[in-house]
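**Q** how would this look folded up:
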Amino acid sequence: MKILVTGGAGFIGSAVVRHLLTNSLDSVINVDALTYAGNTESIPTELHSDRYIFEQVDICDAAQIKRVFNEHQPDAVMHLAAESHVDRSIDGPGAFIHTNVVGTYTLLDAAREYWQNLPETRKSQFIFHHISTDEVYGDLPHPDELPANSELPLFTETTPYAPSSPYSASKASSDHLVRSWQRTYGLPTVITNCSNNYGPYHFPEKLVPHVILNALAGKSLPVYGDGSQIRDWLFVEDHARALCLVVKSKRVGETFNIGGHNEKRNLDVVRTICELLDELAPQHRAVNIAQYADLITFVKDRPGHDARYAIDAGRIQRELGWAPEENFVSGMRKTVLWYLNNESWWQSVLSGKYKLGRLGEGE
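**A** Okay, the predicted model is just below:
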């Protein structure tokens, strides 16, 4: 297949690109605007080949998106391009509406026109895969709020949408657009909603890399509120496998939830990282602390902070045979080791060097 991946220089998108180039014979057209979190260094040069093309294009640019479709003639779209940081969405929601809603609309309409003009043999094989988040469902009751020994509810594919932040509201909007293009125009689409991802090449503003890099630098490890918020954690390479399986399954009009079966309190995530660093990098520990966990600092909770996310990923396991290969401990160990062994990547991000050579950026 020839697969157009939007946001392929981002965290999850680059994992998808690496997976396709390493584990298939598929060709990839990587479309990324290279906003602050996009990093072409997340696609190692040894993976570049005649099966890989990079296009620095904004998904909101209708003319350029149309050109990309017509020039590269993809068999499928995997749409991951999005603004995705909740804190940033609270401080500046406009960018999230622009990219996640207007951008998805622009991409959908270009895909519809392209698909409608395909020969029938290719038209029947085309698929538009929209990658979304479990945050569109809002949140679930915290175990502390429920009677003892009661069964904990999970997000399913039919859970009603109830987004809490500008970010999750913008993603919910994009999900609705995708479903409406399938129902109104017949565009073959499939949607996946995932839980919190972690792993290599994660931009340092997110919780896991932020904690790792702050700890190595001897800086405080901020935890919102009391750290009791619960998330389901999914290793990004497991997610990439699932996404590639879904796009090739061509389950038009369907939705699949993808989760890691790893519910953890935020504070426990931070403590796990600290314990791994105590084991794997004691030499980097600041002299004024006995253990990395001494750096944990509790800060004011953010507005509208969801209490708990948890995904029922049973459907994708039953129908497509996918299950995560990593548990929380094994995946987090791999993640910490990756950051310890790939300082050049994250130092390039922290210094801003990764931006050099982009369109519109100075050398």
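**Q** contacts, neighbours, all on C-alpha from now
**A** Will do.
**Q** How about the contacts made by residue 229?
**A** Shown in contact with residue 229 (C-alpha atoms under 8 Å, 6 or more residues apart in numbering): 142, 265, 266, 306, 307, 308.
**Q** ok, the third one - contacts?
**A** Just to be clear, that refers to residue 266. 223, 227, 228, 229, 230, 231.
**Q** out of the residues you listed, who's nearest residue 193?
**A** Minimum distance to residue 193 across those is 14.0 Å, recorded for residue 231 (C-alpha to C-alpha).
**Q** Could you verify that that closest one is part of a strand?
**A** Yes - assignment of residue 231 by DSSP: H, G, I helix; E, B strand; the rest coil places it within a strand.
**Q** picking up where we left off before, list just the nearest of the contacts of residue 266 to residue 250.
**A** Nearest to residue 250, judged by C-alpha to C-alpha, of these is residue 231 at 29.1 Å.
**Q** my read: the closest one touches residue 310, true?
**A** Yes - in this structure, residue 231 is within contact of residue 310 by C-alpha atoms under 8 Å, at 6.4 Å.
**Q** overlap in contacts of those two?
**A** 195, 263.
**Q** More neighbours: the two, which one.
**A** residue 310 (27 against 24; other C-alpha atoms under 10 Å).
**Q** My guess is that one contacts residue 159. True?
**A** No - using C-alpha under 8 Å, residue 310 is not in contact with residue 159, being 11.6 Å away.
**Q** who touches residue 42 in this structure?
**A** Here residue 42 is in contact with 9, 10, 11, 14, 201 (C-alpha under 8 Å, 6+ apart).
**Q** sorry, back to before: in the contacts of residue 229, find the pair that's most separated.
**A** Between any two of these, the greatest separation by C-alpha to C-alpha is 12.8 Å, found for 142 and 266.
**Q** which residues are in contact with both of the two?
**A** Contacts common to residue 142 and residue 266, judged by C-alpha under 8 Å, 6+ apart, are 229, 230.
**Q** Now distance to residue 247, secondary structure and neighbour count too, for the contacts of residue 42, in TSV please.
**A** Putting these into TSV (distance: C-alpha to C-alpha, whole Å; DSSP: H, G, I helix; E, B strand; the rest coil; neighbours: other C-alpha atoms under 10 Å) gives the following:
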residue	distance to residue 247	secondary structure	neighbour count
9	19	coil	30
10	19	coil	29
11	18	helix	22
14	16	helix	30
201	23	coil	24
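**Q** what are the phi and psi angles of residue 86?
**A** Dihedral angles of residue 86 (phi, psi; degrees, to the nearest 10) stand at phi -60, psi -50.
**Q** and the worst-scoring helix or strand of the chain on mean pLDDT, what other elements does it pack with?
**A** Least confident helix or strand of the chain, by mean pLDDT, DSSP states H and E, is helix 86-91 with a mean of 86. Under the contact definition 3 or more C-alpha pairs under 8 Å, 6 or more residues apart in numbering; DSSP states H and E, helix 86-91 sits against helix 166-185.
**Q** helix or strand right after the helix it packs on?
**A** The helix or strand immediately downstream of helix 166-185 is strand 189-194, counting by DSSP states H and E.
**Q** From the contact counts, what lies against that next one?
**A** Strand 189-194 is packed against strand 127-133, helix 166-185, helix 236-249, strand 255-258, with contacts defined by 3+ C-alpha pairs under 8 Å, 6+ apart.
**Q** hmm, who's touching the next helix or strand after that strand?
**A** Later in the chain than strand 189-194, the nearest helix or strand by DSSP H and E is strand 196-198. Strand 196-198 is contacted from outside by 12, 208, 231, 232, 233, 234, 235, 236, 239, 259, 332, 335, using C-alpha under 8 Å, 6+ apart.
**Q** what do you get for stretch 14-33?
**A** For stretch 14-33, the external contacting residues (C-alpha under 8 Å, 6+ apart) are 1-9, 38, 42-43, 47, 51-59, 72, 81, 236-237, 240-241, 243-244.
**Q** out of the residues you listed, which are inside helices?
**A** The helices, defined by DSSP state H, take in 72, 236, 237, 240, 241, 243, 244 from the contacts of stretch 14-33.
**Q** List the contacts of the third one.
**A** Residues counted as contacts of residue 237 (C-alpha under 8 Å, 6+ apart) are 15, 16, 19, 199.
**Q** Let's see that with 6 Å instead.
**A** Shown here is residue 237, which makes no contacts under the criterion C-alpha atoms under 6 Å, 6 or more residues apart in numbering.
**Q** what do you get for the fifth one?
**A** Counting by C-alpha under 6 Å, 6+ apart, residue 241 makes contact with nothing.
**Q** ends of stretch 156-174, how far apart?
**A** From its first residue to its last, stretch 156-174 covers 18 Å (C-alpha to C-alpha, to the nearest Å).
**Q** Distance from the chain centre to it, please.
**A** Remark: stretch 156-174 is offset 15 Å from the chain centroid, using C-alpha atoms, centre = their mean, to the nearest Å.
**Q** Pick the one among the ones in helices among the contacts of stretch 14-33 closest to residue 132.
**A** residue 243 (10.9 Å).
**Q** Paired strands for whichever strand or helix holds residue 222, with orientation please.
**A** Using DSSP H and E, residue 222 falls within strand 221-224. When pairing is defined by DSSP bridges, strand 221-224 lines up against strand 296-299 (parallel).
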